[in-house]
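Student: sharing a sequence plus its predicted fold:
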Amino acid sequence: MDAHLDLTLPSTCPELQQGSDANWDDASFALYSMIELSSEELDKLITALNRDWKREMTDEAMPLVRTPTVYDFSGKSLRDVVQAHVDLDKEFTPRDDGGAEGDIHWYPTAFVVVTTREWEEKGLLLVYVDVEEKECPMDKFFFHIDNANIMLSSLNFGDESPSSSRFNWEMGHGVNAGMDE
């Protein structure tokens with residue numbers, strides 16, 4: 001992580017508790033960057049994040065991770081990234097099949113942030129709001145790129161909550177003890 005980055009979060013963010021009446025099956029995790037990345041570096045990262053997902057899913061499946069139109073937050077704070085994610089159009093598509101109100105195409109309660117060009121060794125940051133808590137507290141943790149598919153797909157499928165993902169996948173903890181040494 002670049003030492004000069006401001007990674008402070010708001011203590012809560014109930015505005016991220018979006019999409020509760022929507023189907024999230026086709027939702028991608030947004031990837032934001034707090035450092036300048038070339039298009040080649042960004043493509044390499046997106047490819048790495050989606051490699052296993054694309055092997056396991058159909059060709060029609062949305063990418064597990066993609067960049068929104070505005071993703072470059074170099075020189076900005078993590079609070080700015082949180083606000084951008086709050087403001088991000090989640091691409092809601094209405095449904096009338098008696099199920100959910102509609103489909104959303106951006107995962108509303110969590111996103112991924114690049115904080116260093118050395119993401120292969122130092123990891124990526126998952127930022128999330130804990131919607132299971134009344135106050136919707138915000139939290140974050142670094143995870144290893146090798147665990148991105150299993151962790152993010154488990155969140156996407158509802159097999160894990162962000163807090164259990166933190167317990168299982170945070171660098172230096174859980175299954176990752178020793179990976180970041």
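Tutor: Received, thanks. Numbers count the residues shown, from 1 in each chain.
Student: contacting residues around Gly99?
Tutor: Residues near Gly99 by CB atoms under 8 Å, 6 or more residues apart in numbering: Asn23. For every residue, glycine as well, the C-beta is placed using N, CA and C.
Student: could you rerun that using 6 Å?
Tutor: For Gly99, the contact set (CB atoms under 6 Å, 6 or more residues apart in numbering) is empty.
Student: then Asp26?
Tutor: 62, 103, 105.
Student: can you give me the strands for the chain?
Tutor: 22-23, 29-33, 65-66, 93-94, 102-103, 110-114, 124-129, 138-143 (DSSP state E).
Student: could I get the ones you listed as TSV with mean pLDDT and distance to His85?
Tutor: Shown next, in TSV, are the strands of the chain (pLDDT from 0 to 100; distance: least, CB to CB, whole Å):
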stretch	mean pLDDT	distance to His85
strand 22-23	84	16
strand 29-33	97	6
strand 65-66	95	13
strand 93-94	86	19
strand 102-103	86	18
strand 110-114	97	5
strand 124-129	96	8
strand 138-143	95	11
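Student: so where's the longest helix in this protein?
Tutor: helix 39-56 (DSSP state H).
Student: worst mean pLDDT across the helices and strands of the chain, which element?
Tutor: strand 22-23 (a mean of 84; mean pLDDT, DSSP states H and E).
Student: quick revisit: any buried residues in the longest helix of the chain, and which?
Tutor: Within helix 39-56, the residues scored as buried using 16 or more other CB atoms under 10 Å are 42, 45-46, 48-50, 52-53.
Student: low-confidence ranges, the protein, go.
Tutor: For the chain, residues meeting the criterion pLDDT under 70 lie at 1-3, 18-20, 58, 173-181.
Student: which residue is nearest the middle of it?
Tutor: Phe111 (2.3 Å; CA atoms, centre = their mean).
Student: nearest residue to that residue in space, please, no chain neighbours.
Tutor: Ala30 (4.3 Å; CB to CB, 6 or more residues apart in numbering).
Student: now Cys136
Tutor: Using CB to CB, 6+ apart, the nearest residue to Cys136 is Pro14, at 4.3 Å.
Student: and Val129, by the same measure?
Tutor: Val129 sits nearest to Leu16 (CB to CB, 6+ apart), 4.2 Å away.
Student: and that neighbour, how far from Asp52?
Tutor: 26 Å (CB to CB, to the nearest Å).
Student: cool, Val131 as well?
Tutor: To Asp52, Val131 is 26 Å away according to CB to CB.
Student: returning to that earlier point: in a markdown table, list the contacts of Asp26 along with distance to Pro94.
Tutor: Converted to a markdown table, the contacts of Asp26 look like this (distance: CB to CB, whole Å):
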| residue | distance to Pro94 |
| --- | --- |
| Met62 | 18 |
| Asp103 | 8 |
| His105 | 13 |
